[in-house]
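Asks: Sharing a model that was predicted from the sequence below.
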Amino acid sequence: MGKIIIDPITRIEGHLKIECTVENGVIKEAHSSGMLFRGFEIILRGRDPRDAQIITQRICGVCNLCHAMASTLNLDSAFGLADKIPDNGRILRNLAAGLHVVQDHILHFYHLAALDYVDVTKVAKYEGSDADLNSIKAFIGRGELGPFVPRYEGDYRLSDDLDRAAVSHYVKALEIRRKGHEAVAMLTGRIPHTASIVPGGMSEIPTVDKIASILWRLNELRSFVDNVYIPDVLAVAGVYADYFEVGAGCKNLLSYGAYDLEGKNPDYTRRRRLFQQGTISADLKLQPLDLSKITEEVRHSWYESNTSKLHPTAGKTVPADEKGGAYSWLKAPRYDGRVYEVGPLAQMVTTYAGGNSMVKSLVDSTLAHFKATPAALFSVLGRHAARALAAKYIADSMGEWLLQLQPGEPTFVPYELPEEAKGVGIIDAARGALGHWVEIKDKKIANYQCVVPTTWNASPRDDSGTPGAIEQALIGTRVKDEANPFEIVRIVRSFDPCIACAVHLITPKGSELGRFRIF
Ligand code: NFE
Ligand code: MG
């Protein structure tokens, strides 16, 4: 019996430690630890509720806009505005979120995950005229190999042609993400300072100029997703097809839905959204979402034990950094007492099961391409494929939304700050289901709780000892070479974890983090 400890897992956001116990080459036990204490929920107490939109964005530099959106939906709901947002405001919000998320999915594939499959160093032998490849070759020639090494060795399988195409696209993806960010900035201000998504709607107004400036950038994003991102994911999947059978996980999926297609139903769990809300298990039968079933358990988390199994409306954040048996700063969110995976896979599968013909054709054609059954979706490659297809579905939908904007029509409604109120804001962020809950007393935040995508996915064991979604995806996996545990990092990165979000101040003193093995 041996232990593989990867601390920290690189090419993700934040500080995640993964510890696997391996017996006869198979992972018997896995522990996922968020090694970062934050405490945003404590910072928010006693403040003007509207500060939540600004402060929760600081939870994460990657998905700040998603927190801006969840906090704003939360305040809309608390202020009695959830069914009063003008269509222009709703559509502008969708566009801002969609542009942000599509570039985030591209970020994940090219700049975080693909390096597990693509051997960038091969480019040293390239003799052609592709300027992007020659720029990388020049770096390698000068011995500047970061961020491509250090890395695990021994399982890079792409042909020279595929490998070079992927490296060239690594550079192009930077450029296309910049265009996505520019388009977002026109609607909300520069990330990570999303200013215009505000309670009541959007403080930004659509103009013909702005629509045109966004349209050509969106068209470039769409073209990149169709002609580069999806083909690259399919090509990598073709060569690493065994990863359709690796990293299945808990097979329970949960989605809050995202991108409001109407604004008249104040209940976000029943509102018509581009992605379907609901839960789904291996039988692929869609179940309606019931937020009352959500709790956060802390038996194995560094929080006071008497705060376990609370619903987020009553949630507490009381750190207990020396608690025995605890091994993570993440709480363990559970739905109906069970472990659920969140993210693009959950979004696509719930939307598929909800009967959406566009998503059905995207997913069915991809499965047919690999002669695979829906069971293959529950895998490392299933998550990558779902993320790429979700990017296409969002990007294509934005083409229609942009043309629905009405220059000159209102984008927001005014409001009064309530003396007392409760609110909830739920959306699917890039990494999955994101919920914010607020209780307001005396016009101040009495309690604020965030339950974040990576808290779901990277959670530790719950009170009953059941491992979290990533832990379950690791358990049972065969590791071919314990000195180069590709399987572990490929599984973990397929979830696109973000620990900054999941734990939501590093103390200046920090904590004893031990020795690092950085790969
Ligand atoms: Ni920090 Fe985040 C997203 C949110 S994730 S990246 O997407 O919400 O766990
Ligand atoms: Mg929380």
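Replies: That came in fine, so what should we check first? Numbering: from 1, shown residues only. Ligands and ions are numbered 1, 2, ... in the order given.

Asks: Report the separation between the two terminal residues of stretch 19-27.
Replies: Between the opening and closing residues of stretch 19-27 we find a distance of 10 Å, counting by C-alpha to C-alpha, to the nearest Å.

Asks: And stretch 469-489, by the same measure?
Replies: 15 Å.

Asks: same check, this time on stretch 243-260
Replies: Across stretch 243-260, the terminal residues are separated by 34 Å (C-alpha to C-alpha).

Asks: What are the buried residues along it?
Replies: Buried residues in stretch 243-260, defined by neighbour count with 16 or more other C-beta atoms under 10 Å: 243-244, 246-260. (C-beta placed from N, C-alpha, C; glycine too.)

Asks: for ligand 1, what are the nearby residues on the protein?
Replies: 13, 60, 62-63, 66-67, 429-431, 434, 452-454, 498, 500-502 (C-beta under 6 Å from any ligand atom).

Asks: re the thing from before, mind checking which of the buried residues of stretch 243-260 land in helices?
Replies: Residues from these lying in helices, with DSSP state H as the criterion: none.

Asks: Send me stretch 123-143 as CSV with only the CA atoms.
Replies: Listed in CSV are the C-alpha atoms of stretch 123-143, where the atom choice follows Å, rounded to 0.1, in the frame of the first residue of the first chain:
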residue,chain,number,x,y,z
VAL,A,123,7.7,21.8,-30.8
ALA,A,124,11.5,22.2,-30.4
LYS,A,125,11.8,20.1,-33.6
TYR,A,126,9.3,22.2,-35.6
GLU,A,127,10.7,23.6,-38.9
GLY,A,128,7.7,25.3,-40.4
SER,A,129,6.4,28.9,-40.7
ASP,A,130,3.5,29.0,-38.1
ALA,A,131,4.3,32.1,-36.1
ASP,A,132,2.5,30.8,-33.0
LEU,A,133,4.5,27.6,-33.0
ASN,A,134,7.8,29.4,-33.7
SER,A,135,7.0,31.7,-30.7
ILE,A,136,6.7,28.7,-28.4
LYS,A,137,9.8,27.1,-30.1
ALA,A,138,11.8,30.2,-29.3
PHE,A,139,10.8,29.9,-25.6
ILE,A,140,11.8,26.3,-25.5
GLY,A,141,15.1,27.1,-27.3
ARG,A,142,16.0,29.6,-24.6
GLY,A,143,15.3,26.9,-22.0
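
Asks: could you point out which element follows the lengthiest helix in the chain?
Replies: For the chain, the helix reaching the highest residue count under DSSP H is reported as helix 160-188. On the C-terminal side of helix 160-188, the nearest following helix or strand under DSSP states H and E is strand 197-198.

Asks: Could you point out the helix or strand that follows that next one?
Replies: Going down the chain from strand 197-198, the next helix or strand is strand 201-202, by DSSP H and E.

Asks: Remind me what that next one packs against, helices and strands.
Replies: Contact analysis of strand 201-202 by 3 or more C-beta pairs under 8 Å, 6 or more residues apart in numbering; DSSP states H and E lists helix 87-106 as its packing neighbours.

Asks: Can you find the helix or strand of this structure with the lowest average pLDDT?
Replies: Across the helices and strands of the chain, the lowest-confidence element by mean pLDDT, DSSP states H and E is helix 499-503, at a mean of 80.

Asks: Show me how far it is from its chain's centre.
Replies: Here helix 499-503 shows a centroid-to-chain-centroid distance of 11 Å under the convention C-alpha atoms, centre = their mean, to the nearest Å.

Asks: what does that helix rub up against?
Replies: The contact list for helix 499-503 (C-beta atoms under 8 Å, 6 or more residues apart in numbering) reads 12-16, 34-38, 59-63, 67, 329-330, 431, 452-455, 458.

Asks: One more: stretch 193-208?
Replies: Counting by C-beta under 8 Å, 6+ apart, stretch 193-208 makes contact with 50, 53, 57, 64-65, 68-69, 72, 75-76, 79, 81, 84-86, 88-90, 92-93, 96, 187-189, 405-407, 410-415, all of which sit outside it.

Asks: Kindly report the same for stretch 221-231.
Replies: 99, 102-103, 105-106, 109-110, 169, 172-173, 176, 179-180, 183, 388-389, 391-392, 395-396, 399.

Asks: mean confidence score for that stretch?
Replies: Here stretch 221-231 scores 98 as its mean pLDDT.

Asks: Check stretch 438-445 too.
Replies: In this model, stretch 438-445 has an average pLDDT of 98.

Asks: next one: stretch 91-111
Replies: Average pLDDT, stretch 91-111: 98.

Asks: Same question for it: list its buried residues.
Replies: Of all the residues in stretch 91-111, those buried under the rule 16+ other C-beta under 10 Å are 91-110.

Asks: Any regions of this structure where pLDDT drops low?
Replies: Residue ranges of the chain with pLDDT under 70: 504-519.

Asks: What strand or helix carries the residue of it positioned farthest from its centre?
Replies: The centre of the chain is farthest from one residue, residue 127, which by C-alpha atoms, centre = their mean lies 37.8 Å away. If you go by DSSP H and E, residue 127 is not part of any helix or strand.

Asks: Likewise for residue 224?
Replies: Residue 224 is located in helix 208-224, with elements delineated by DSSP H and E.

Asks: close enough to count as contact, residue 78 and residue 416?
Replies: No. Applying C-beta atoms under 8 Å, one finds residue 78 not in contact with residue 416, separated by 11.7 Å.

Asks: Which of these two has more residues huddled nearby?
Replies: For residue 78 versus residue 416, the count of surrounding residues by other C-beta atoms under 10 Å is larger for residue 78: 25 against 7.

Asks: separation between that one and residue 51?
Replies: Counting by C-beta to C-beta, to the nearest Å, the gap from residue 78 to residue 51 is 13 Å.

Asks: Could you tell me how many residues sit around the closest residue to residue 276 other than its chain neighbours?
Replies: Once its chain neighbours are removed from consideration, residue 276 has its nearest residue in residue 354; the separation is 3.7 Å (C-beta to C-beta, 6 or more residues apart in numbering). Residues near residue 354, counting by other C-beta under 10 Å, number 18.

Asks: Pull the contacting residues for residue 354.
Replies: Going by C-beta under 8 Å, 6+ apart, residue 354 touches 276, 278, 286.

Asks: And it, how far from residue 327?
Replies: For residue 354, the distance to residue 327 under the criterion C-beta to C-beta works out to 37 Å.
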